[in-house]
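**Student:** Fold the following and give me the result.
(one chain, ligands or ions: 2)
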Amino acid sequence: MIHLEEPGAAVDDKEREITLREVEARVEALDGIDLTHLLPGTRITVVTLAAGADANEAVSRLRLLDDVEWVEADAEVTPDRSAGATRRTLDGAASDWSLQRLRLPEVYSAYTVGDCRVAVCHIDSGANLSDATRDQYFYNPGEYAGALGIDDDGNGVVDDFFGANFIAGNNNSMTSDLSGHGTATARALTRTAPRVTLMPCKALTEAAVVPFSVAIQCIEWCKTNFENMRAHGGGQVTGIYAASWGGSVSSLALSEAMSAADALGATRALFVASAGNVPAETHFPASSGLANVLSVTHVDRRDRVTGNAGRWIDLAVPAESSSEAAAVAAGVAGLLVSVAPNLTPEELRSALARAAAPLPRTSGASFGRLDAAASFERLRGQGRLARPAGAPDRQPCVPSEVWAPAWPSLPAGSRPCVGGGGGRACWASFPAS
Ligand SMILES: [Ca+2]
Ligand SMILES: [Ca+2]
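**Tutor:** Ligands and ions are numbered 1, 2, ... in the order given. Okay, the predicted model is just below:
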């Protein structure tokens, strides 16, 4: 991936986009470069080397271009499933003991939680439609009333009624999950957060790795959806992004996409990222140090940290794996947003972390163990609950009635990306928040 210089002479977004396309064309003209793909809304271009091209040579040539700020390999990381986990055990996530330890039953009975107009972006291996998660699937109101074969809501994917898949540049809506990982984290998330919508984006290849360039496309797709939801009357200010994967290699490109998702547009962004299952000083993106990341490890029934430990890790969640822990924490974040939609990423982080149950100082999770009931109590004490304590409402949401009427085809406040093809929207064209 290469990062292009900001075109200084550009006077508006449209011209800026044209300039970036011109730079991209110059990159593509270089020997050894086969294909480039400007990620919409960013200055990041994914470069594919020609067959037989020398990677080091191509990188050197790219670095010499005036318009290129930096070059990095498109690294791949793996999901944080537990080492001994089988599909069968993963299917049980999140387990009863975990929900009990989090005091979630108390939350369900004391508060009216869940709101189908609140969503969590699930960047994983997809999610198979199942009885457990079906009622909580995203049903894209920018597409379901549109035309077949058309990207009606301009988010880069044609007919993405339920989800998106950016593997191998397919940009399609098929989120079927071959690995079982995404289905398990989706179940953990939806079980934790009844009535909160799951927005699945498939970023895991058949080789069971997450390329950073694909994760970036998922962030953009979800970001566009959060912007559209906000533009059409939704109350959710902070988009929640669940990332149950990571690795030892850092990425400037992914960091930039995560920061931009927070800085641009009318919605902000909180990433809930798994800290890894084994000791490691770096587990990116959880260890990125970005202000809008909540890094999560896992503890057993006796509060012993069984996942990664380190000063950069924020919270521990009772769970079988770091993947499940991140999914559960993202679910709790969704629940909090469902009763207090105005929460910013800072306030959400604080509501989760500052109410945590203490763990021994040596545990390696800075704030302790997540305590969902204490997080709710903290917000109630601060007068932040838009929906105060009341009878639980567990009725399943009717997808076509969640956002009614369906959205018009042009996302409010956006414009098509120049050269992006097919009416694709540029969320970067939303003004900075
Ligand atoms: Ca679409
Ligand atoms: Ca369509």
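**Student:** Who are the contact partners of the residue in the stretch 251-400 of the chain positioned nearest to ligand 2?
**Tutor:** Closest residue of the stretch 251-400 of the chain to ligand 2, CB to the ion: residue 400 (14.9 Å). C-beta here means a position set from N, CA and C on the backbone, and glycine is covered the same way. Residues in contact with residue 400 (CB atoms under 8 Å, 6 or more residues apart in numbering) are 139, 144, 406.
**Student:** Swap in 10 Å and give it another go.
**Tutor:** Shown in contact with residue 400 (CB atoms under 10 Å, 6 or more residues apart in numbering): 139, 141, 144, 145, 406.
**Student:** and it, that's in a helix?
**Tutor:** Yes - membership of residue 400 in a helix is supported by DSSP: H, G, I helix; E, B strand; the rest coil.
**Student:** Just the buried residues from the contacts of residue 400, in ChimeraX please.
**Tutor:** Per 16 or more other CB atoms under 10 Å, the buried members of the contacts of residue 400 correspond to this ChimeraX selection:
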select :139,141,144,145,406
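**Student:** wait, which of the contacts of residue 400 is closest to residue 355?
**Tutor:** Residue 355 has its nearest neighbour among the contacts of residue 400 in residue 139, at 32.5 Å by CB to CB.
**Student:** Pull the contacting residues for the residue lying closest to the closest one once chain neighbours are set aside.
**Tutor:** Distances taken as CB to CB, 6 or more residues apart in numbering put residue 399 closest to residue 139, at 3.4 Å, once the chain neighbours are dropped. For residue 399, the contact set (CB under 10 Å, 6+ apart) comprises 116, 134-141, 144, 161-162, 197.
**Student:** Check the gap between residue 399 and ligand 1 for me.
**Tutor:** Separation of residue 399 from ligand 1 (CB to the ion, to the nearest Å): 16 Å.
**Student:** And the pLDDT at that residue?
**Tutor:** Per-residue pLDDT puts residue 399 at 73.
**Student:** With the one 3 residues further on instead?
**Tutor:** Note for residue 402: predicted pLDDT of 82.
**Student:** number of nearby residues for it?
**Tutor:** Neighbouring residues of residue 402 were enumerated by other CB atoms under 10 Å; the total is 17.
**Student:** my read is residue 352 is in a strand, agree?
**Tutor:** No - with three-state DSSP as the criterion, residue 352 is helix rather than part of a strand.
**Student:** thought it was touching residue 332?
**Tutor:** Yes - shown here, residue 352 and residue 332 form a contact pair, counting by CB atoms under 10 Å, at 6.7 Å.
**Student:** what do these two both touch?
**Tutor:** The contact sets of residue 352 and residue 332 overlap at 272, 315, 317, 370, 371, 372, 375 (CB under 10 Å, 6+ apart).
**Student:** What backbone torsions are found at the second one?
**Tutor:** What it means is residue 315. phi -140, psi 150 (degrees, to the nearest 10).
**Student:** do the fourth one as well
**Tutor:** Summarising the backbone geometry of residue 370 under the convention degrees, to the nearest 10, its torsions are phi -50, psi 130.
**Student:** residues in contact with it?
**Tutor:** Listed by CB under 10 Å, 6+ apart, the contact set of residue 370 reads 98, 101-104, 294, 296, 299, 314-319, 325, 328-329, 332-333, 352-353, 355-357.
**Student:** Let's see that with 6 Å instead.
**Tutor:** By CB atoms under 6 Å, 6 or more residues apart in numbering, the contact list for residue 370 reads 102, 315, 317, 329, 356.
**Student:** Kindly report the same for the last one.
**Tutor:** For residue 375, the contacting residues are 351, 352, 355, by CB under 6 Å, 6+ apart.
**Student:** try it again with 10 Å
**Tutor:** Residue 375 is in contact with 102-103, 107, 332-333, 335-336, 348, 350-356, counting by CB under 10 Å, 6+ apart.
**Student:** that older thread, what two of the contacts of residue 399 have the greatest distance between them?
**Tutor:** 134 and 141 (17.5 Å).
**Student:** among the shared contacts of residue 352 and residue 332, which two are most distant?
**Tutor:** Greatest spatial distance among the shared contacts of residue 352 and residue 332 (CB to CB): 272 and 371, at 16.0 Å.
**Student:** neighbour-wise, which of those two wins?
**Tutor:** residue 272 (33 against 22).
**Student:** Let me know the pLDDT of that one.
**Tutor:** For residue 272, the pLDDT comes out at 98.
**Student:** What count of nearby residues applies to the closest residue to ligand 2 within the stretch 1-150 of the chain?
**Tutor:** Ligand 2 sits closest to residue 146 of the stretch 1-150 of the chain, with a gap of 4.0 Å, by CB to the ion. Residue 146 is flanked by 20 other residues according to other CB under 10 Å.
**Student:** Next one: it relative to ligand 1, how far apart?
**Tutor:** The gap separating residue 146 from ligand 1 is 8 Å, by CB to the ion.
**Student:** And the helices in the stretch 101-250 of the chain?
**Tutor:** Shown for the stretch 101-250 of the chain, the helices assigned by DSSP state H, counting those that start in this stretch span residues 104-110, 181-192, 212-231.
**Student:** what packs against the longest one?
**Tutor:** Where contact means 3 or more CB pairs under 10 Å, 6 or more residues apart in numbering; DSSP states H and E, helix 212-231 is packed against strand 44-49, strand 76-79, strand 119-124, strand 164-165, strand 197-202, strand 238-243, helix 252-263, strand 268-274.
**Student:** got the angle between that helix and helix 252-263?
**Tutor:** Interaxial angle of helix 212-231 relative to helix 252-263 (axes from the mean of the first three to the mean of the last three CA atoms, to 10 degrees): 10 degrees.
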